[in-house]
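K.L.:
Give me a 3D structure for the following:
(chains A and B)
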Amino acid sequence: MNPKVITIHPVTRIEGHAKVSIFLNDDNSVRDARFQVIDFRGFEKFCDGRPFYEMPSITARACGICPVSHLLASAQACDEVVRVNIPYTAELLRRLIHMGQLIQSHALNFFHLSAPDLLLGMDSEPSKRNILGLAAEYPELARKGIRLRKFGQEIIENVAGKRIHSGDWIVPGGVKVPLNREKRDYLKNNLPEALKVTQETLAMWKNYLPKFEEDIENFGNFPSYYMGLVTHSGGLEHYRGTLRVVAPDGSIMADHLNPQKYHEYIGEASEDWSYMKFPYLKKVGYPEGLYRVGALARLNVASHCGTPLADEELKEFKKLGKDGVVTSTFHYHYARLIETLFCLERTKEILEDSEVLSDNIWAKASVSSSEGVGVAEAPRGTLIHHYRVDKNGLITWTNMIIATEHNNLAFNKAVTQVAKKYVKANKLHEGMLNRVEAVVRAFDPCLSCATHAVGNMPLEVQLVNSEGKVVDRIVR
Amino acid sequence: MTTKTVSLKIDGHDISVQEGTSILEAAIENGIDIPHLCFLEGLTKTGACRLCLVELKGQAKLFASCSTPVSDGMEVITDSVKLKEYRKKTIQLLLSERTHVCSVCVANKNCELQALADKLGVDHVAYEREWTGEKVDSSHPFLVIDRNRCILCTRCVRVCDEVEGVHALDLKLRGKDSQIIVDFDDSWANSTSCTSCRKCAKVCPVGAIYVEGEPLSQTKDRNIANFVLSRRKK
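P.N.:
Prediction:
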């Protein structure tokens, strides 16, 4: 018997192309839901034969939202190939540009993509449920969000020359161009406003949380493992560092794992219905070794942030969960705001570092190793680049585990949970389907470099019975 | 011995140049711009890229201005609708023959092909692209050749032969399948004739030959052939 299926295609206001299929039982209750990625990019194939030092530029093209994170993971893999310790200032500048990346991406998700659902309401008029609708209803907030994102982009532009795809700035062994005094001062002068906006938004969000009690309870709220980079002392980390895995009960299952050996503890399963791989923890097995990455996971694994304001917020955040582990996917939003605060504080520290203007930024070296692994915490989670090269530095093998992939098992679990709660197939309505999309959006998946136009994407949902007849249909 | 002077018209301007001068050189001498890629001052003319095509009054066919000498009474048209179309098509053919991806190319923003495409308004390639997968040779300690980006202008072959005098580079095969080779088609690391002078990288109009780790703005030197030859005469 053919199962009844509801398809949400495309899922809107996310980065890339995906669809959600909801499978129904005979009694129209939800049996299962699948988050299917329908993009195929092929980076790992067409990088073959390219000189290793081109990899940052090539792989950053995987994404127009978080190219900087790709640049950093790739550059670190290349640093490994040439076996150098990059100069202190180069590391400062790489960290600074990454702070800009995280700020702009988190602001994009919160204000442009998610706030329309959260502040205007899941059941509000779809044609107004976008950044323009938000601007009409909450003009001041929308303006602040746009300015906060702009500041993140300005960090990237002032450090690396371009807001998007500044791939020729970063090189194996460091960076090409130092930061000048004028640009440093510009960023320092504009930082207080961004910090103020973030603090105000965070305060507003905390006031709003009680309104979302039902969503918090049902939005992908399940125990799972969490993975993220930490510093030597177990603090929040986004560049280099070591990996920590926290178990559902809050205990540290594995600590200070060497990212170079990721393949020893992360397995990659495939399913024939999705182009996206399904990473899992080898120690636990597939599919039980489901883990989450990204802002929520990072705050769950970090013992502290390392900056005063963010540390205070983290303490409060951890109280939301049992044993310091916050399980609801809905709280990714909250976690992103705390991370934005952390990034701004770190940006200030870096800009005030006396070495930030130094021109000692590039340690040049040639191929010394046949392999390199680089890791960074992209806005959406742990990003791993792994290359093998021949003796002349030409790529012979590439593996990239994109942040969004780590969450693949969690996506499926979360959409199934939300569908079971909200989708009653005998009476389809737009708001309930939007909730299914919204849980995907809460993870902030980045499925390709494509960004859809907001608000007016075609969405068709069909309810098909066991004879293949369309019994209900919604188009928006 | 006195050299004979030739008088001609280029785009309606009366011009006098020495006999034996090419139309392109006469135009450059008089501040008239004709798009070109394979031509480089100091090197022999080869007419390989076909971008410098011009119209000659009274003649039906087009002529490569770099390799056509001036003659008395000649009337040259360097800019017309027909020429614009031909040049745009030529750029598109060059782009379609191999793998040109500016965004990740070492020559991005320092590329004569890219600059001409921009100048001539080529915003897409109408022909099916080949996406070649030629192996990059990075065996030399610092010189790299990526044949996927080569436009077969042969500036590198000519500068190696005519200026450096070692003829380490040459061409194999024919037509669009032609490839720049080092010695007898060996890897660059094994070359016994290459002096590692970098002149090939200095004159390459695109990102096919470059110095690893060095910005192309620093490497490229369009005047290198002229400079060396003028010093040699002293």
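K.L.:
phi, psi of the nearest residue to B:Gly133 once chain neighbours are set aside?
P.N.:
With CB to CB, 6 or more residues apart in numbering or on different chains as the criterion, B:Gly133 has its nearest non-adjacent residue at 6.8 Å, and that residue is A:Gly49. Glycine gets a C-beta too; all of them are placed from N, C-alpha and C. Phi and psi for A:Gly49, reported as degrees, to the nearest 10, are phi 90, psi -10.
K.L.:
Check which residues of the helix or strand containing B:Ile28 are buried.
P.N.:
In the assignment (DSSP states H and E), B:Ile28 maps to helix B:23-29. Buried residues in helix B:23-29, counting neighbours by 16 or more other CB atoms under 10 Å in any protein chain shown, are found at B:Ile23, B:Leu24, B:Glu25, B:Ala26, B:Ala27, B:Ile28.
K.L.:
can you check stretch A:187-195 too?
P.N.:
For stretch A:187-195, by 16+ other CB under 10 Å, it's A:Leu187, A:Asn190, A:Leu191, A:Ala194, A:Leu195.
K.L.:
Please apply the same query to stretch B:109-120.
P.N.:
Buried-residue list, stretch B:109-120, by 16+ other CB under 10 Å: B:Asn110, B:Cys111, B:Glu112, B:Leu113, B:Gln114, B:Leu116, B:Ala117, B:Leu120.
K.L.:
try stretch A:223-233
P.N.:
A:Ser224, A:Tyr225, A:Tyr226, A:Met227, A:Gly228, A:Leu229, A:Val230, A:Thr231.
K.L.:
for stretch B:31-44, same thing?
P.N.:
For stretch B:31-44, by 16+ other CB under 10 Å, it's B:Ile32, B:Ile34, B:Pro35, B:His36, B:Leu37, B:Cys38, B:Phe39, B:Leu40, B:Gly42, B:Leu43.
K.L.:
And chain A, what are its domain boundaries?
P.N.:
Per the record, chain A has its domains at A:4-40+A:407-475, A:85-219+A:328-362, A:222-327, by automatic domain parsing.
K.L.:
Check chain B too.
P.N.:
Looking at automatic domain parsing, the domains of chain B come to B:5-79, B:85-233.
K.L.:
At the contact with chain B, which residues of the stretch 351-476 of chain A appear?
P.N.:
Residues of the stretch 351-476 of chain A lying close to chain B by CB under 8 Å from any CB of the partner chain are A:Lys364, A:Ser366, A:Asn392, A:Gly393, A:Leu394.
K.L.:
so what's the third one up against?
P.N.:
Translated: A:Asn392. Contact analysis of A:Asn392 by CB atoms under 8 Å, 6 or more residues apart in numbering or on different chains lists A:Val367, B:Asp137, B:Ser138, B:Ser139.
K.L.:
Apply 10 Å and report the result again.
P.N.:
A:51-52, A:366-367, B:136-140, B:144, B:187-189 (CB atoms under 10 Å, 6 or more residues apart in numbering or on different chains).
K.L.:
Let me see the ranges of the helices in chain B.
P.N.:
Taking DSSP state H, the helices of chain B run over residues B:23-29, B:81-97, B:112-119, B:155-158, B:199-203, B:216-219, B:224-233.
K.L.:
List phi and psi for residue 185.
P.N.:
Since you didn't name a chain, this refers to chain A. Residue torsions, per degrees, to the nearest 10, at A:Asp185 are phi -70, psi -40.
K.L.:
List the residues that contact it.
P.N.:
A:Leu351.
K.L.:
so what's it scoring on pLDDT?
P.N.:
A:Asp185 carries a pLDDT value of 98.
K.L.:
Thanks a lot, catch you later.
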